[in-house]
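>>> Return atomic coordinates for the entry below.
(chains A and B)
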Amino acid sequence: MRAVCWEGTEQIRVETVPDPVIINPRDAIIKVTTTAICGSDLHIYDGYIPTMEKGDVLGHEFMGEVVEVGRDNARLTVGDRVVVPFTIACGRCYFCKEQMWSLCDNSNPNAWMAEKLYGYSASGLFGYSHMYGGYPGGQAEYVRVPFADIGPLKVPDTLSDEQVLFLSDIFPTGYMAAENCQIKSGDTVAVWGCGPVGQFAIKSAYLLGAERVIAIDRFPERLELARVQGHAETLNYADVDIPAALRDLTGGQGPDACIDAVGLEAHGTTLDAWYDRAKTSMFLATDRPHALRQAIGACRKGGTVSIPGVYGGWLDKFPLGAAFAKGLTLKMGQTHMHKYMPRLLEHIERGDIDPSFIITHRIGLEEAPAMYRTFRDKHDSCIKVVIKPS
Amino acid sequence: MIRHLEYESSPSASLSEIEACLALSSAALLLIVAATRRSTFGAGLAIASAPLLYRGITGQWPMVPDSPDDTQAALGGDRGVHVRESVRLECSISDAYRFWRRLEDLPRFMSHLRSVTQTSDRQSHWIAAGPAGIAVEWDAEIITEEENRTLAWRSLPGSDIVTAGSVNFEPVRGGRSTELRVHLQYAPPAGRAGALIASLFGREPSQTIREDLRHFKQLLEAGEMPRTTAGTKE
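Have a look, this model is predicted:
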């Protein structure tokens, strides 16, 4: 089959690789009908994610048709149309039972690698380095799905691929980011980053009862999408002093909750942002936490900072003093996908949201390598790319 | 999981510092080369570094006595190498105990074991894959058995190796989960017996046991071990 493979930093190629086969009894094989490039794939593209190996198949947002089922998988049958969560979970360990699905104990065959770096390992992930299991990803014609009796969500034929595909990651990720804000009615939520996760965080904040959402970015098309589709007030950080503007917009109190939907490759125009760029470019730092610093600084006393943005290493100049002084709550982590997918499918079925609004580009598999660059550089007003493998 | 490793080394005989440095740096070089190769070749190099490390640190080449000592002599008190590991399981104590007590199933999750054959109610014959694929065999007897609480064993005279161990089962979280503690002991890598078992458990015996326990947990909780390639044993 054809698959999008990582060959090194900024080197992506479409290659012919062996078709996946059933390995474990609870597996299924999915014929991918639609997949997407995620903003977090760009961290891999840019070489920020350790333990990638040449030839690794990328992609963790995908859906398709079940074509083969393992002998212990009683939940799926050939022909089912499913969306697959990007986190792999066994459904039976302590963490799965406690609804902390992305922290599954039993799905990462390379748990020892993550343990060396982080103390304990989270769940395995599709197409996201060997530290997270080395599972081949979904930017391919076919993909093997482990624990497929637990993860894949059957979707009705009345909804199109583009309406349900983002249940695989970014919609639940934006939703959990908003839920982590512990929103009370009347609250104001500020969102850093108007990429796909930011857009879903904005919509989800309103779904969960926020009165106002303020969205921060520098790309006009993303700010416009946040304004028009998300009904957010928008701030362009290239033009305004964000902390001052947020103070002003909230009567001097600050937003009740702040969401960092940017992560480890933040851009900025302030001194600390240039400091991060200099240090990471000389390999003296692992992450560029400019957006997170600003969110912590801007959040009101006793508020919550929610972090769906991905971080990988040891953060430099992290303002823990400010977080402590203001009594902030910090919430973060990979999305507990399995917990959110069914209820978000209901929102889509009821027409509360149509997630396809973020799609700007539709391509075939062979065009993926060029599109990684376009997406990374935000050329051609690129916000979200979906791929039709066949 | 907690980890604990104690190492008893004998007092070193004299060895010139240059020789010690040479032995240590050769061992380090082998280990570095080994670490950069995730292959059987790399593992072989890592194993090959063990005698050099031993000589560099203790000033002696590993001793090869004629016959292995019995477990009392080799492992009595706090002699020998100790490895302690523990794991929590989302299953009842009886499920965990029953799975472990079926000794013939142990090779399903213990990577170095080829087979375990129950020869009588309390005795069993063990075959493990030693260095360069050579089989290492020993007979073991169960010395303590309390159902759903503890199981302890030791190797019998005439075996290739000298080892003893125990596993304890304890209810936690109000009995909803089970905590399992393994304590393994083996002769230090001085004698032939110790050198063989040291190579079975690799450079980091604690890590090896930890992985085995992880596989045990995966089989018991998820019903399968996560894999990305077929062909490895289940």
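>>> Show me which residues of chain B are close to chain A?
Within chain B, the positions lying close to chain A (CB under 8 Å from any CB of the partner chain) are B:88, B:90, B:177, B:207, B:210-211, B:214, B:217-218, B:221-230. Quick note: C-beta positions are derived from backbone N, CA and C, even for glycine.
>>> 6 Å instead, please
By the rule CB under 6 Å from any CB of the partner chain, the part of chain B lying against chain A is B:90, B:218, B:221-222, B:224, B:226-228, B:230.
>>> residue in chain B nearest to chain A?
Chain A sits closest to B:Ala222 of chain B, with a gap of 3.8 Å, by CB to the nearest CB.
>>> returning to what we had before: which among the residues of chain B next to chain A count as buried?
By neighbour count, with 16 or more other CB atoms under 10 Å in any protein chain shown, the residues of chain B next to chain A hold B:90, B:218, B:221-222, B:224, B:226-228 as buried.
>>> ok, those vs B:Ile134, which is closest?
B:Arg227 (26.6 Å; CB to CB).
>>> residues contacting the closest one?
Counting by CB atoms under 6 Å, 6 or more residues apart in numbering or on different chains, B:Arg227 touches A:23, A:109.
>>> Angles on the backbone of it, please.
Main-chain dihedrals, B:Arg227, degrees, to the nearest 10: phi -140, psi 160.
>>> What separation is there between it and A:Thr16?
B:Arg227 sits 23 Å away from A:Thr16, taking CB to CB, to the nearest Å as the criterion.
>>> do A:Tyr135 as well
Taken as CB to CB, the span from A:Tyr135 to A:Thr16 is 19 Å.
>>> Equivalent analysis for A:Ala370, please.
Relative to A:Thr16, and taking CB to CB, A:Ala370 is found at 19 Å.
>>> And for A:Glu366?
Distance of A:Glu366 to A:Thr16, given as CB to CB: 12 Å.
>>> who has more neighbours, the two?
A:Glu366 (12 against 8; other CB atoms under 10 Å in any protein chain shown).
>>> Tell me the confidence at that one?
Listed pLDDT for A:Glu366 reads 97.
>>> Just say helix, strand or coil for it.
Following DSSP: H, G, I helix; E, B strand; the rest coil, A:Glu366 is assigned to helix.
>>> right, is stretch A:112-121 up against chain B?
No - figure legend: stretch A:112-121 not in contact with chain B (CB under 6 Å from any CB); closest approach 6.7 Å.
>>> tell me the average confidence for stretch A:294-309?
Averaged across stretch A:294-309, the pLDDT comes to 97.
>>> Now the terminal residues of that stretch, how far apart.
End-to-end distance of stretch A:294-309: 14 Å, with CA to CA, to the nearest Å as the criterion.
>>> Mind listing what's buried along that stretch?
Neighbour-count burial for stretch A:294-309 flags A:294-300, A:303-309 (criterion: 16+ other CB under 10 Å).
>>> What of stretch A:376-385?
By neighbour count on 16+ other CB under 10 Å, the buried set for stretch A:376-385 is A:376, A:382-385.
>>> same thing with stretch B:99-118?
B:99-100, B:103, B:106-107, B:109-114, B:116.
>>> Name the nearest residue to residue 99, sequence neighbours excluded.
Went with chain A since none was named. The shortest distance from A:Gln99 to any non-neighbouring residue, by CB to CB, 6 or more residues apart in numbering or on different chains, is to A:Lys339 (4.9 Å).
>>> Chain B, not that one
Closest residue in space to B:Phe99, ignoring its immediate chain neighbours: B:Leu220 at 5.8 Å, by CB to CB, 6+ apart.
>>> residue contacts, the one you found?
B:89, B:91, B:99.
>>> Extract the C-alpha set from the helix or strand hosting the last one and format it as CSV.
Meaning B:Phe99. Secondary structure from DSSP states H and E places B:Phe99 in helix B:93-101. The C-alpha trace of helix B:93-101 is given here as CSV (Å, rounded to 0.1, in the frame of the first residue of the first chain):
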residue,chain,number,x,y,z
ILE,B,93,-5.7,-11.7,43.8
SER,B,94,-6.9,-15.2,42.9
ASP,B,95,-6.7,-14.4,39.1
ALA,B,96,-3.2,-13.1,39.5
TYR,B,97,-2.1,-16.0,41.7
ARG,B,98,-3.6,-18.6,39.5
PHE,B,99,-1.9,-17.1,36.4
TRP,B,100,1.5,-17.1,38.1
ARG,B,101,1.1,-20.5,39.7
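>>> Distance check, A:Lys54 against A:Phe62.
Distance from A:Lys54 to A:Phe62, counting by CB to CB: 22 Å.
>>> So for those two, which residue has more residues nearby?
For A:Lys54 versus A:Phe62, neighbours defined as other CB under 10 Å are more numerous around A:Phe62 (28 against 10).
>>> What separation do you get for the closest residue to the more buried one other than its chain neighbours and chain B?
Among residues not flanking A:Phe62 along the chain, A:Gly138 sits closest, at 2.9 Å (CB to CB, 6+ apart). Per CB to the nearest CB, to the nearest Å, A:Gly138 is found 14 Å from chain B.
>>> Could you verify that A:Gly138 is part of a strand?
No - under three-state DSSP, A:Gly138 falls outside any strand and is assigned coil.
>>> residues in contact with the nearest residue to A:Leu208 once chain neighbours are set aside?
Leaving out its chain neighbours, the residue that sits closest to A:Leu208 by CB to CB, 6+ apart is A:Ile183, at 4.8 Å. Each residue near A:Ile183 by CB under 6 Å, 6+ apart is listed here: A:208-210.
>>> A strand includes A:Ile183, no?
No - read with three-state DSSP, A:Ile183 is coil and lies in no strand.
>>> Against A:Pro255, how distant is it?
The gap separating A:Ile183 from A:Pro255 is 11 Å, by CB to CB.
>>> Sheet partners, orientation included, of the longest strand seen in chain B?
In chain B, assigned by DSSP state E, the strand with the most residues is strand B:135-146. If you go by DSSP bridges, strand B:135-146 pairs up with strand B:123-129 (antiparallel), strand B:150-155 (antiparallel).
>>> hang on, the earlier thing: in JSON lines: the buried residues of stretch A:376-385, plus secondary structure, distance to chain B and pLDDT.
JSON lines is the format used below for those (DSSP: H, G, I helix; E, B strand; the rest coil; distance: CB to the nearest CB, whole Å; pLDDT from 0 to 100):
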{"residue": "A:Arg376", "secondary structure": "helix", "distance to chain B": "27", "pLDDT": "95"}
{"residue": "A:Cys382", "secondary structure": "coil", "distance to chain B": "31", "pLDDT": "96"}
{"residue": "A:Ile383", "secondary structure": "coil", "distance to chain B": "32", "pLDDT": "95"}
{"residue": "A:Lys384", "secondary structure": "coil", "distance to chain B": "28", "pLDDT": "97"}
{"residue": "A:Val385", "secondary structure": "strand", "distance to chain B": "26", "pLDDT": "98"}
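>>> what's the closest non-adjacent residue to B:Asp105?
B:Phe99 (6.8 Å).
>>> right, I mislabeled it, should have said A:His267
Excluding the flanking residues, the one nearest A:His267 by CB to CB, 6+ apart is A:Ala273, at 6.7 Å.
>>> Wait, A:Thr173 touches A:His336, no?
No - contact criterion CB atoms under 6 Å: A:Thr173 and A:His336 do not qualify, at 10.0 Å.
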